[in-house]
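Peer 1: below: sequence and its predicted model.
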Amino acid sequence: MNQQIRNYMTNNVYTVNESQSIQEAAALMSEHNIGALPVVDNSENMVGMITDRDITLRSTAQGEASQTPVSEVMTAQKIVHGTPDMDIHQAAELMAEQQIRRLPIVENGKIVGMVALGDLAVDHQLQNEAGEALSNISNPSSPQQ
């Protein structure tokens, strides 16, 4: 059985350009029922990620305008990604270590796919790893006092 990410990843990945507005990013997320978008530059190279949480906490909560460029809200430093030939078990470990629910798959600087925890959880051989990754990602928070 081939355990490469390419056999588990979603190939049809929506992206947003770094110069587009956060409103456009949010509209894409809403339209496609997704919570994160890879951010690309004009050459289609991946330069970051933006999540619905980024938009909420880094812009809306701060009173930023809806026309704020994605580049001002996205996560750009330490972009975690996988490659199509990476072993799926390594990907699950990476997601757990980095506490991420979605792993962009990049080849030659270009986004070619996305693997989510849900993609791992549907495979019986990977359910334990998906559960382990989720438990590492979802640390319960204590009630504020």
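Peer 2: All right, it came through fine.
Peer 1: what's near enough to touch the residue nearest the centre of the chain?
Peer 2: Geometric centre of the chain, nearest residue: R102, 3.9 Å, by CA atoms, centre = their mean. Applying CB atoms under 8 Å, 6 or more residues apart in numbering to R102 gives the contacts 35-36, 49, 114-117. Bear in mind the C-beta positions are built from the backbone N, C-alpha and C, glycine included.
Peer 1: go again with 6 Å.
Peer 2: By CB atoms under 6 Å, 6 or more residues apart in numbering, the contact list for R102 reads 36, 114, 116.
Peer 1: also G82?
Peer 2: 5, 91, 103, 105.
Peer 1: which one of these is nearest I22?
Peer 2: Nearest to I22, judged by CB to CB, of the contacts of G82 is L103 at 22.7 Å.
Peer 1: do you know the pLDDT at the closest one?
Peer 2: pLDDT recorded at L103 is 94.
Peer 1: tell me which element it falls in.
Peer 2: Per DSSP states H and E: L103 is located in strand 102-107.
Peer 1: can you list the buried residues in that strand?
Peer 2: Within strand 102-107, the residues scored as buried using 16 or more other CB atoms under 10 Å are 102-106.
Peer 1: for this structure, what spans make up the helices?
Peer 2: Ranges of helices in the chain, per DSSP state H, are 22-32, 52-58, 88-98, 117-121, 127-137.
Peer 1: residue ranges with poor pLDDT in the protein?
Peer 2: 1-2, 121-145 (pLDDT under 70).
Peer 1: if we use 50, what do you get?
Peer 2: Applying pLDDT under 50 to the chain flags residues 127, 130, 134, 137, 140-145.
Peer 1: any idea of the angle the strand holding L103 forms with helix 88-98?
Peer 2: 130 degrees (axes from the mean of the first three to the mean of the last three CA atoms, to 10 degrees).
Peer 1: what's the spacing between strand 102-107 and its chain's center?
Peer 2: Relative to the centre of its chain, strand 102-107 is centred 8 Å away, using CA atoms, centre = their mean, to the nearest Å.
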